[in-house]
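J.: what shape does this take:
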Amino acid sequence: MHITQQKEEFSVAYVHAIAASAGCAVDRPKVDNESVDVEVRSNLSYQKFDNPRIDLQLKCTASLQGHAKGVLKHKIPVHNYNALVSTRRVIPLLLVVVHVPKSVDRWIHQDNRMRADLRFCAYWCAFRGKARSTNSTSVTVSIPRSQVFTPSVIRSWMKRVGDGEFLQ
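T.: Okay, here's the model as predicted:
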């Protein structure tokens, strides 16, 4: 398998693990023509809506920049960025960047103490309502290092969407 396919599969597996911990299901569209790699769904009822859903654009990289400055920088294709900023979507679309070690052999650590760790971490960002890019190929986005992709974050998103709020 090519490394880009490995990164894609690992990022989907990472989201599955975090979403399952949050009590949510993950679906993968057959075709990614809307910059949606996975859909995360809740089966709970909230103030306004039942079964809220969030769409995610996933990226996986071994080279996030600016890690020590509180902001992470990552380059994404301009068509993905413009989908992320759109205000014409009914279902929120967010970016999740999975940061992995350079060596594929280090993406997962298992030991004889019945423990397995996914390495390193994933971060999220919402861009809805920001200006579209006029760049021709890519956009470098800034993601606050504090925005770690966790089960509690997913539960919070589901509550906000279920209560009728947009994620920005």
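J.: C-alpha only now, for contacts and for neighbours.
T.: Will do.
J.: what segments of the protein are helices?
T.: 3-21, 78-85, 151-162 (DSSP state H).
J.: now those helices as TSV including mean neighbour count and distance to G66?
T.: Shown next, in TSV, are the helices of the chain (neighbours: other CA atoms under 10 Å; distance: least, CA to CA, whole Å):
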stretch	mean neighbour count	distance to G66
helix 3-21	17	21
helix 78-85	20	20
helix 151-162	19	23
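J.: for the ones you listed, which one sits closest to V141?
T.: Evaluated with CA to CA, these place helix 78-85 nearest to V141, the distance being 8.5 Å.
J.: for G162, give its distance to L44.
T.: Taking CA to CA, to the nearest Å as the measure, G162 falls 8 Å from L44.
J.: now the strands for this structure?
T.: 25-27, 38-41, 53-61, 71-77, 93-99, 108-111, 115-118, 121-125, 138-144 (DSSP state E).
J.: return the most buried member of those strands.
T.: Ranked by mean neighbour count under mean count of other CA atoms under 10 Å, the strands of the chain are led by strand 93-99, which reaches a mean of 24.
J.: residue with max distance from the center of this protein?
T.: Residue farthest from the centre of the chain, counting by CA atoms, centre = their mean, is N112 at 30.5 Å.
J.: so where is this structure shaky, pLDDT-wise?
T.: Applying pLDDT under 70 to the chain flags residues 67-68, 167-168.
J.: against L44, how distant is E165?
T.: Distance from E165 to L44, counting by CA to CA: 16 Å.
J.: on that earlier part again, quick one: which of the helices of the chain is nearest N33?
T.: helix 78-85 (9.8 Å).
J.: what sits up against the closest one?
T.: 34-35, 57, 93-95, 126-133, 135-139 (CA atoms under 8 Å, 6 or more residues apart in numbering).
J.: and that helix with strand 71-77, angle?
T.: Angle, helix 78-85 to strand 71-77, by axes from the mean of the first three to the mean of the last three CA atoms, to 10 degrees: 120 degrees.
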